[in-house]
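> the following block contains a protein sequence and its predicted model.
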Amino acid sequence: MDSDKASRSAAIIAAHRAYEYSRTDSNRICSDQYAKSFLPDNFSVIGESELPGEETIAIFRDLVPGFHEFFLARTRYIDDYLAGQLTVGLEQLVILGAGFDTRAHRFEELGAIRVFEVDHPATQAIKKAKVEELFSTLPDHVSYVPIDFHRENLELLSDYGYDRSKKSLFIMEGVIMYLDLEAIDETLLFISRNSAEGSRLIFDYTYPGVLENTIDRKEAKAWLEITKKSDEPLLFGIEDDAVDDFLSRRGFTDITTVSSDFFNKTYYQDDEERQATPILAIAHARVP
């Protein structure tokens, strides 16, 4: 992304979570009470707009079908995964490409755990200003680590108090597809070589066919075109059947992939009106 500009996609993802929070409790897939506080005025899932939320969601769904549903399911699944790790002795949380992630504030248990939010300096500056505005001060348990993944690596974490001996969870939500292979390798190898036994990694990914424009789906073609015109182009994709080998070669084990089939059956109960796109998936793995 542009070195002087904050991530537009970070605000758009927050807008999806903010819209979902406006729904009734029983109908929410994920619940982020702080998402709206990080948005510029009149910002929606399609960017700046005076239209009501329902209309902007309809426009977004028509443009890239299934993305809204995937974004919500992704946040829910990672939230549930984090909650599970908190019950088995998680000691550190590292959120890579944090954007406007609010888990450090939504999970009460994280108040006793060091959280590292790693992101581009331009986006992070806006995030910190919003956090101070919302909570009057920056939280003591959060360390903000500015980084450009294409120019720097995670060795910077040590300067902010990262402890290699502690059981950690690394979250990469909406990140890997925007990194080149070199940056991904450096990131994954750092995690596998510099975190305690039993540490975990969770991320979402897309497929090579999206980047190559060979997947004949409306949302795949539209997403590719949108990112080509932005300063956050798609750079990486991987097939489901290659994930195990890819991660094991970089030091991980206990590898699981989760497709849209799971999200549609579990969160949307096969509702034909609400279906997550099949061109994105989630993987998680453990440091042996």
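Right, received. Where do you want to start? Note that the structure is a prediction, hence the values are computed from the model and not measured.

> show me where this protein has helices.
Here the chain has its helices, by DSSP state H, at 8-21, 53-63, 67-86, 103-106, 121-135, 181-193, 208-212, 218-228, 240-248, 260-266.

> so residue 144 bridges to which residues?
residue 117 (DSSP bridges).

> show me the contacts for it.
117, 119, 124, 127, 128, 138 (CB atoms under 8 Å, 6 or more residues apart in numbering). Every C-beta, even on glycine, is put in place using the N, C-alpha and C of the backbone.

> cool, and residue 78?
171, 173, 202, 282.

> switch to 6 Å and redo it
In this structure, residue 78 makes contact with 173, 202, judged by CB atoms under 6 Å, 6 or more residues apart in numbering.

> can you tell me the centre-most residue of this structure?
residue 173 (1.6 Å; CA atoms, centre = their mean).

> how near is the spatially closest residue to that residue that is not a sequence neighbour to residue 270?
Nearest residue to residue 173, sequence neighbours excluded (CB to CB, 6 or more residues apart in numbering): residue 78, at 5.9 Å. Residue 78 sits at a distance of 22 Å from residue 270 (criterion: CB to CB, to the nearest Å).

> and if you look at residue 188?
The value you get for residue 188 to residue 270, if CB to CB is used, is 34 Å.

> settle it for me: which of those two has more neighbours?
residue 188 (23 against 10; other CB atoms under 10 Å).

> pLDDT below threshold where in the protein?
The model of the chain has pLDDT under 70 over residues 1-6.

> swap the cut-off to 80 and go again
Within the chain, the stretches with pLDDT under 80 are 1-6, 150.

> which ones are touching residue 141?
So residue 141 contacts 111, 115 (CB under 6 Å, 6+ apart).

> same thing with the one 5 residues further on?
When contacts are counted by CB under 6 Å, 6+ apart, residue 146 touches 121, 124.

> try it again with 8 Å
119, 120, 121, 124.

> what's the separation between the first one and residue 95?
For residue 119, the distance to residue 95 equals 8 Å [CB to CB].

> coming back round to it: can you list the contacts of residue 144 in JSON lines and add neighbour count and distance to residue 37?
Below are these laid out as JSON lines (neighbours: other CB atoms under 10 Å; distance: CB to CB, whole Å):
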{"residue": "117", "neighbour count": "24", "distance to residue 37": "16"}
{"residue": "119", "neighbour count": "27", "distance to residue 37": "17"}
{"residue": "124", "neighbour count": "21", "distance to residue 37": "16"}
{"residue": "127", "neighbour count": "23", "distance to residue 37": "11"}
{"residue": "128", "neighbour count": "15", "distance to residue 37": "13"}
{"residue": "138", "neighbour count": "13", "distance to residue 37": "15"}
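
> so which of those is the closest to residue 278?
Checking these against residue 278 with CB to CB, the nearest one is residue 119 at 28.4 Å.

> thanks a lot, see you next time.
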